[in-house]
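Undergrad: Pasted the sequence and its predicted model underneath.
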Amino acid sequence: MKNLSFITACALGAAMFTVATIGSAFAEDVYVEYVQSDRTQNHTVNVGYKPTPRTKIVVDYAFVDTTTVQQRVFGITGEAGSAAIQHYINGAGNLAYTCYNDANAGWWALSSATAATTDRRTFILDIPSRYVCVQQGSTYLCSHTHSVQVTNTTKRTLAIFASKAANNTLTSNSDCSSMKFYSMQIYEDGQIVMDLWPCKSDGKYCIKDRLTGNKFFDVNGKSLAGGAEVAPPAADVLIAPGYNVTTNVPAFGGNVSVQLNRDAADGGIVKMAPNNWYNGTTTLAGGLLEVDNLTAAAMGSLGVGGELHLDAATFKYTGGKGEFSRPVVIERNTPSAARRATVFDITGDLTLSGTFSNTTGAFVKKGPGTLRIPGASGRTTTICQKGGFGRLTLPDFGANGIPGDNSSTFTIFDGTLALGEGGGTFKIIRDFMDVYIGRTMVDPLNPEGKQETDAVLEIYGGT
């Protein structure tokens, strides 16, 4: 078996960012650049997944032939009680998609100006957000928010290169495609559940799920074509410029998880480009992360998929009104971070509409803007955990925006923290921990009359 691991370092001004590609292949398998279908052969690959109202799909593909309309990138046709989900070339030769509850609906053209071409593109379908878009590298080609909120799970499993009819078999020849498949990621509630890549196993081209090792071949046993052998898809990107050193990271993509700084003491300042298209989890292990573009469903500073994990560090948002709909997890992964806080430095108005979990320690809100953690009915959100290490001295945030040691407080230094707009239960655990709004210690159950003008706690609902 070949050794398929490698490390590449790229200079970014005075800083360095390291891309570590970590992966392994089974002895009989190799990854390839793409797998290619032929519509005249009725090629289809059934990946065995039934999309739900909480599914997000990101697919990287390129049509080989666009002269024939109704070619499907992937698809499931609708019927009573079953969602219809497809991406294809419509009768006008433009890109279109279907995302409906049943068979009694129709389709949407993404844009009359977005013709189907043989260029390599990425299509994103975010079902819960009712949002779709097409990208070509880091460039948006078109996007659309549709009116129908899907509530049905599909009765049939997802097909690539074709669409599935009500009897769960192939539809007519016109629904199949001549297409290169580069990758597909499927998410449920913001967490990746299938990670599909082109593969060659025992001499046959197929599609492989990296999470399980399962391989999917043409359902009729016909041979697919494919590209040249490549290294396994990247698994990790490390960006660590050094303590108090700033690096501006250019836009990038791929199915990668991104780690920023190595630990709490590795205090680099990382500024992400506004439009990245990577799919994995982003982990801020220390230092400061600055972003300016976050949207509920589309490409942004933190890519198109994956959770945000924060250690003892500062997350700085400098954009206007934004939203991050994926899970946010605060956790202490390094011993040196045990006595330090996670800081949200907000200039504009940012909503964290996904789940929010703080399992390990202090919470600080700073900056003049508003941070909204709306919660949801039936959801418990822990904003701050007990610590026992004493109070945080304000406004000592250090050279790179990180509070010093001995911080186990719940603190709103300035700006606004808004909780409960979506309902649910919120926990601010007070044992051995101080609670500050502005520079005044308060009782969070009765904060009125004790706030300073530069810091506000708003509780809209919930418990």
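TA: Yes, it's here.

Undergrad: Leaving out sequence neighbours, find the closest residue to the residue minimising distance to the centre of the chain.
TA: In the chain, the centroid-proximal residue (C-alpha atoms, centre = their mean) is Gly305; its distance is 1.5 Å. Closest residue in space to Gly305, ignoring its immediate chain neighbours: Asn279 at 4.2 Å, by C-beta to C-beta, 6 or more residues apart in numbering. In short, each C-beta sits where N, CA and C put it, glycine included.

Undergrad: Give me the pLDDT value at the one you found.
TA: Asn279 carries a pLDDT value of 82.

Undergrad: Regarding Tyr205, which helix or strand does it belong to?
TA: Per DSSP states H and E: Tyr205 is located in strand 204-209.

Undergrad: Only the buried residues of that strand, if you could.
TA: For strand 204-209, the neighbour count (16 or more other C-beta atoms under 10 Å) marks 205-209 as buried.

Undergrad: follow-up on the earlier one: spit out the contact partners of the residue nearest to Gly305.
TA: 58, 185, 192, 253-256, 303-306 (C-beta atoms under 8 Å, 6 or more residues apart in numbering).

Undergrad: Determine which two of those are furthest apart.
TA: Ile192 and Gly253 (15.2 Å; C-beta to C-beta).

Undergrad: quick one, which of these two is more surrounded?
TA: More neighbours surround Ile192 than the other of Ile192 and Gly253, with 21 against 18 (other C-beta atoms under 10 Å).

Undergrad: I'd say the residue nearest to the centre of the chain and Lys56 touch.
TA: Yes. Gly305 is in contact with Lys56 according to C-beta atoms under 8 Å; the separation is 6.7 Å.

Undergrad: Need the overlap of contacts for those two.
TA: 187, 190.

Undergrad: residues touching Pro233, list them.
TA: So Pro233 contacts 23, 31, 183, 197, 210, 254-256 (C-beta under 8 Å, 6+ apart).

Undergrad: got the phi/psi numbers for it?
TA: Backbone torsions for Pro233, taken as degrees, to the nearest 10, come to phi -60, psi 140.

Undergrad: How about Gln41?
TA: Taking degrees, to the nearest 10 as the convention, Gln41 sits at phi -100, psi 0.

Undergrad: where does Pro233 land on pLDDT?
TA: pLDDT, Pro233: 80.

Undergrad: My error: substitute Ile373 in the last question.
TA: 89.

Undergrad: likewise Ile346?
TA: We have a pLDDT of 93 for Ile346.

Undergrad: quick one: contacts for it?
TA: Counting by C-beta under 8 Å, 6+ apart, Ile346 touches 316-317, 365-371, 415.

Undergrad: Pull the distance from the helix or strand containing Ala62 to the chain's centre.
TA: For Ala62, the host element (DSSP H and E) is strand 55-63. On the basis of C-alpha atoms, centre = their mean, to the nearest Å, strand 55-63 is displaced by 14 Å from the centre of the chain it belongs to.

Undergrad: Tell me which other helices or strands it touches.
TA: With contacts defined as 3 or more C-beta pairs under 8 Å, 6 or more residues apart in numbering; DSSP states H and E, strand 55-63 has these neighbours: strand 72-76, strand 84-89, strand 121-126, strand 179-188.

Undergrad: and those, which is most packed in?
TA: When the helices and strands packed on strand 55-63 are scored by mean count of other C-beta atoms under 10 Å, the highest mean neighbour count falls to strand 72-76 (a mean of 27).

Undergrad: The residue nearest to Gly305 and Ile412, how far apart?
TA: 33 Å (C-beta to C-beta, to the nearest Å).

Undergrad: same deal with Phe217?
TA: Computed as C-beta to C-beta, the Phe217 to Ile412 distance reads 56 Å.

Undergrad: So for the two, which residue has more residues nearby?
TA: Ile412 (25 against 18).

Undergrad: I figured the more buried one was touching Lys365, is that so?
TA: Yes. In this structure Ile412 lies within contact range of Lys365 using C-beta under 8 Å: 4.6 Å.

Undergrad: give me every residue that touches the nearest residue to Thr44 once chain neighbours are set aside.
TA: Of all residues not flanking Thr44 in the chain, Ala162 sits nearest, at 3.7 Å (C-beta to C-beta, 6+ apart). By C-beta under 8 Å, 6+ apart, the contact list for Ala162 reads 42-44, 72, 75, 170-171, 175-177.

Undergrad: so which of these comes closest to Arg332?
TA: Gly75 (44.5 Å).

Undergrad: so who does the closest one touch?
TA: By C-beta under 8 Å, 6+ apart, the contact set of Gly75 is 85-88, 98, 158-159, 162-164, 175.

Undergrad: and Thr281, how many neighbours?
TA: Per other C-beta under 10 Å, the neighbour tally for Thr281 reads 23.

Undergrad: which residue packs closest to it, ignoring adjacent ones?
TA: Gly306 (4.2 Å).

Undergrad: Kindly provide the distance from the one you found to Asn255.
TA: According to C-beta to C-beta, Gly306 and Asn255 sit 9 Å apart.

Undergrad: and if you look at Pro374?
TA: Distance from Pro374 to Asn255, by C-beta to C-beta: 29 Å.

Undergrad: cool, Val249 as well?
TA: Val249 is 17 Å from Asn255, where distance means C-beta to C-beta.

Undergrad: hang on, the earlier thing: just name the closest of the contacts of Ala162 to Val132, please.
TA: Nearest to Val132 among the contacts of Ala162, with distances taken as C-beta to C-beta, is Gly75, at 14.0 Å.

Undergrad: got any ranges where the stretch 251-400 of the chain has weak pLDDT?
TA: Regions of the stretch 251-400 of the chain meeting the criterion pLDDT under 70 cover residues 264-265, 297-298, 333-340, 360-361, 385-400.

Undergrad: outside of stretch 292-299, which residues touch it?
TA: 56, 124, 126, 129, 131, 133, 135, 138, 140, 143, 274-277, 300-302, 304, 317-319, 322-325, 350, 353.
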